[in-house]
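Visitor: fold the following and give me the result.
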Amino acid sequence: MNKLLYGAAYYDEYMPYERLEEDIKMMKTAGINVVRIAESTWSTHEPQDGIFDFSSVKRVLDAMEEAGIDVIIGTPTYAIPTWLAKAYPDIMVTDRTGRRLYGARQIMDITNSAYRYYAERIIRKLMEETSHKKCVIGYQLDNETKHYGTSSENVQQAFVKYIRTKFEDDINAFNHEFGLDYWSNRINAWEDFPDVRGTINGSLGCEFEKFQRGLVEEFITWQAGIVNEYKREDQFITHNFDYEWRNQSFGVQPNLDHFKAAKALTISGCDIYHPTQDFLTGKEIAFGGDLIRSTKKNNYFILETQAQGFPGWVPYEGQLRLQAFSHLASGADSVMYWHWHSIHNSFETYWKGLLSHDFKENDTYLEAVTIGREFAALSDHLIHLKKSNAVAIMVSNEALSALNWFKIEAGAREITGRNYNDIVRWIYDALYEMNVECDFISADDKNLSPYQMIVIPALYAIDRGVLERLNQYVENGGCLVATFKTAFANENVKVWSEEQPGILNQCMGVTYNQFTFPIDVGLKGDAFPVSEEERKAELFMELLKPQGAEVISSYDHYNWGKYAAVTSNFYGKGWAVYIGCKTSTAYLKELFAKVLKETGIWSPDQEINFPVIIRKGTNTKRKKVIYYLNYSREDQKVCYFHKNGQELFTNIEVKEGDVLTIKPWNLCIIEEN
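Guide: Below is the predicted model:
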């Protein structure tokens, strides 16, 4: 690819009247150079078993090709037609609630043999119709794929085979490792294996969830294999990954390991949705982009993001543009809206696209016109932005699952529902506000050496080999920061029988064997300039006993005061910091500042804080590009600390030491000379 992709999902099949020609005219005006089609319209393309009608696809492809607009084809397998559900009722997914009824999307069993047969057939037919078209630049496999809780009989039989393979058919070893003697859950014959949906055993439950995530990886890889038989060498394969959803994109996806699933793709893609108006911070844009960029350590596609979206998301003036360039600042090579037009019927009628229901120009569309022109003008400077970050955050689906089974607040007087992703975002958001850019790494990543600092939030259940690598990383000179609830259990969610935090105490120089919930517990002993209210232990606290580690902060409490709360320890050539409780964001930032300065990562950029966010990278011209993004309603003035360069929107020369004025919901982009 030699240009930034700017586009939208386009559903000619949803239109209330004929307007393809008019849509293309408006797209060209807006600088739209790509559309995504077909991923949600299986029932239109195969109205009855074996009867195919790709006329709407052909019609759009011919029109787009003539207009010079590229197309991404989505395989239409995430929403099944009515005739298929009627003919094969067991295609409907069976989850914890029983067999689902037809109606919504993503309610099928992705392992069902009948589903696979018909899914393969529609994919092959679609590939035959589209792969030769010049305008088709790539394929999206399915959409936001997950396992949908699939727990049918065939899935559970496959799970038993999986367990037997994992434990080499040693049922006693399986029972012992998973602690199944508890409450008479012991399985004494493989044929007696119970329905996993009813288990109270966290080890078994987490292993089943891991197995379910593996089903999704296999499904995506299976689709990639089919598409690869037809696609041209110049066509890519991508997937639209999504995140844990909390009325917006929020955290690590519980039902899919992005790192593993991305192996089947040419380029990773995702959708990112987030608050706007006075609540626009850029955090979700950066978090989602950093995570998906890290899956292949390369650029990625934004295949969906909001234009207008929910009524509460209609952007203020300037915000659509700020959002678009924020995606590029994280390393995206595309920005595509869901969707082009607003739908007049059914479930997502009020999730509005670039155009409203009247198809007329509106303020959001007119701002998209500006973005399209700027993307075209600056594409050579901004495409394929490469990043080299000193800091990484290690994430784990296994830890996420385990902390859903053994919740952080279990037994607390007040339950807020905070979980693994809350701890991940506590860490990430603090670094983001400090203008410390991060990669994400999987716990499976064997090479930790590229990073000066690695943070491991709540890495609760983890293989001993990972902990050994982390010890070695510190010994070799790295800086490791770990939070509470780390290294507590092995990969099978079996709590270590040694003092916590397991063998990680080698580099941490601290142990504990008790923990509780803080009630009016402060932090003392540090020199951090935070208020009394911000100097509190929150959520959960481990009663740390240093074994050579220096105490940074201890608990300020009449009973818990003898215990450490935050420690640091030199180990080999490196050092490790352990955070035994959740703290305020203000405290965490002060702690990170100390660590960043002592590791040599600190730079003048860290003197600038949110709402001005700085994102950097190297472009294809091998020049450094620096984004200054203002997520506020007021002018922001910042000092420019980098080499002399050109501001790309104005072509004005910027020199080191100049003061930049960034308008509300606006940005500057400087390319160094």
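
Visitor: pull the number of nearby residues for Gly282.
Guide: 23 (other Cβ atoms under 10 Å). Bear in mind the C-beta positions are built from the backbone N, C-alpha and C, glycine included.

Visitor: against Tyr428, how distant is it?
Guide: 12 Å (Cβ to Cβ, to the nearest Å).

Visitor: where does the closest residue to Thr349 other than its chain neighbours land in three-state SS?
Guide: Among residues not flanking Thr349 along the chain, Ile343 sits closest, at 5.5 Å (Cβ to Cβ, 6 or more residues apart in numbering). Classification of Ile343 by DSSP: H, G, I helix; E, B strand; the rest coil places it in coil.

Visitor: what about Ile343, distance to Asn389?
Guide: In terms of Cβ to Cβ, Ile343 sits 39 Å off from Asn389.

Visitor: can you give me phi and psi for the spatially most central residue of the chain?
Guide: When Cα atoms, centre = their mean is applied to the chain, the residue found nearest the centroid is Gly288 (4.3 Å). The phi/psi pair for Gly288 (degrees, to the nearest 10) reads phi -60, psi -40.

Visitor: my guess is it meets Cys270, correct?
Guide: Yes. Counting by Cβ atoms under 8 Å, Gly288 does reach Cys270; the two are 5.9 Å apart.

Visitor: now do the shared contacts for these two.
Guide: Tyr243 (Cβ atoms under 8 Å, 6 or more residues apart in numbering).

Visitor: number of residues surrounding the spatially closest residue to Phe347 that is not a sequence neighbour?
Guide: Nearest non-adjacent residue to Phe347, counting by Cβ to Cβ, 6+ apart: Ala104, 7.7 Å away. Close neighbours of Ala104, defined as other Cβ under 10 Å, add up to 9.

Visitor: give me the distance between stretch 511-528 and the centre of its chain.
Guide: 31 Å (Cα atoms, centre = their mean, to the nearest Å).

Visitor: what mean pLDDT does that stretch get?
Guide: Regarding stretch 511-528, the rounded mean pLDDT is 96.

Visitor: alpha carbons of stretch 27-34, as PDB, please.
Guide: Output of stretch 27-34 as PDB, limited to C-alpha atoms (Å, rounded to 0.1, in the frame of the first residue of the first chain):
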ATOM      1  CA  MET A  27     -17.500   9.800  -1.300                       C
ATOM      2  CA  LYS A  28     -15.200  11.300  -3.900                       C
ATOM      3  CA  THR A  29     -15.900  14.800  -2.500                       C
ATOM      4  CA  ALA A  30     -15.000  13.600   0.900                       C
ATOM      5  CA  GLY A  31     -11.800  11.900  -0.200                       C
ATOM      6  CA  ILE A  32     -13.100   8.400   0.500                       C
ATOM      7  CA  ASN A  33     -10.800   6.000  -1.200                       C
ATOM      8  CA  VAL A  34     -12.000   2.600   0.200                       C
END
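
Visitor: what is the end-to-end distance of stretch 644-655?
Guide: End-to-end distance for stretch 644-655, by Cα to Cα, to the nearest Å: 4 Å.

Visitor: thinking again about what came up before, over to the residue nearest to Phe347: give its phi and psi.
Guide: phi -80, psi 170.

Visitor: likewise Val595?
Guide: Per degrees, to the nearest 10, the backbone of Val595 is at phi -70, psi -40.

Visitor: Gly478 versus that one, what's the distance?
Guide: Distance from Val595 to Gly478, by Cβ to Cβ: 12 Å.

Visitor: what touches both of these two?
Guide: What both Val595 and Gly478 touch, as defined by Cβ under 8 Å, 6+ apart, is the set Met453.

Visitor: what about the strands in the stretch 401-550 of the chain?
Guide: Remark: strands assigned in the stretch 401-550 of the chain by DSSP state E, counting those that start in this stretch are 438-442, 453-456, 479-483, 510-511, 515-516, 522-524, 538-542, 545-546, 550-556.

Visitor: go through the ones you listed and name the closest to Tyr78.
Guide: strand 438-442 (25.1 Å; Cβ to Cβ).

Visitor: tell me which strands that closest one pairs with, and in which orientation.
Guide: Here strand 438-442 has these sheet partners by DSSP bridges: strand 391-395 (parallel).

Visitor: I'd like to know the average pLDDT value across the partner strand.
Guide: Strand 391-395 comes out at a mean pLDDT of 98.

Visitor: for Gly318, the count of nearby residues, please.
Guide: If we define neighbours as other Cβ under 10 Å, then Gly318 has 18 of them.

Visitor: oops, could you answer that again for Asp422 instead?
Guide: Residues near Asp422, counting by other Cβ under 10 Å: 20.

Visitor: quick one: contacts for Ile187?
Guide: Ile171, Phe174, Asn175, Leu180, Phe193, Pro194.

Visitor: so the third one is in contact with Arg186, correct?
Guide: Read it as Asn175. Yes. With contact defined as Cβ under 8 Å, Asn175 reaches Arg186; the gap is 5.2 Å.

Visitor: assign a three-state SS to Ser334, would you?
Guide: Assigned by three-state DSSP, the conformation of Ser334 is strand.

Visitor: pLDDT at it, what is it?
Guide: Value listed for Ser334 in the pLDDT field: 98.

Visitor: what bridges to it?
Guide: On the basis of DSSP bridges, Ser334 is bridged to Leu5.

Visitor: for the longest helix along the chain, packing partners?
Guide: Longest helix in the chain by number of residues (criterion: DSSP state H): helix 202-228. If you count contacts as 3 or more Cβ pairs under 8 Å, 6 or more residues apart in numbering; DSSP states H and E, helix 202-228 packs onto helix 113-130, helix 153-166, helix 171-178, strand 236-238, helix 258-261, helix 397-405.

Visitor: please compute how far the fifth one lies from its chain's middle.
Guide: On the basis of Cα atoms, centre = their mean, the separation between the geometric centre of helix 258-261 and that of its chain is 11 Å.

Visitor: wait, doesn't Val577 sit right on Ala564?
Guide: No. The pair Val577 / Ala564 is not scored as a contact, 11.6 Å apart, by Cβ under 8 Å.

Visitor: common neighbours of these two, please.
Guide: Ile552.

Visitor: ok, Pro529 - contacts?
Guide: Glu590.

Visitor: to clarify, my last question referred to Tyr118.
Guide: Asp49, Ile80, Leu84 are the contacts of Tyr118 under Cβ under 8 Å, 6+ apart.
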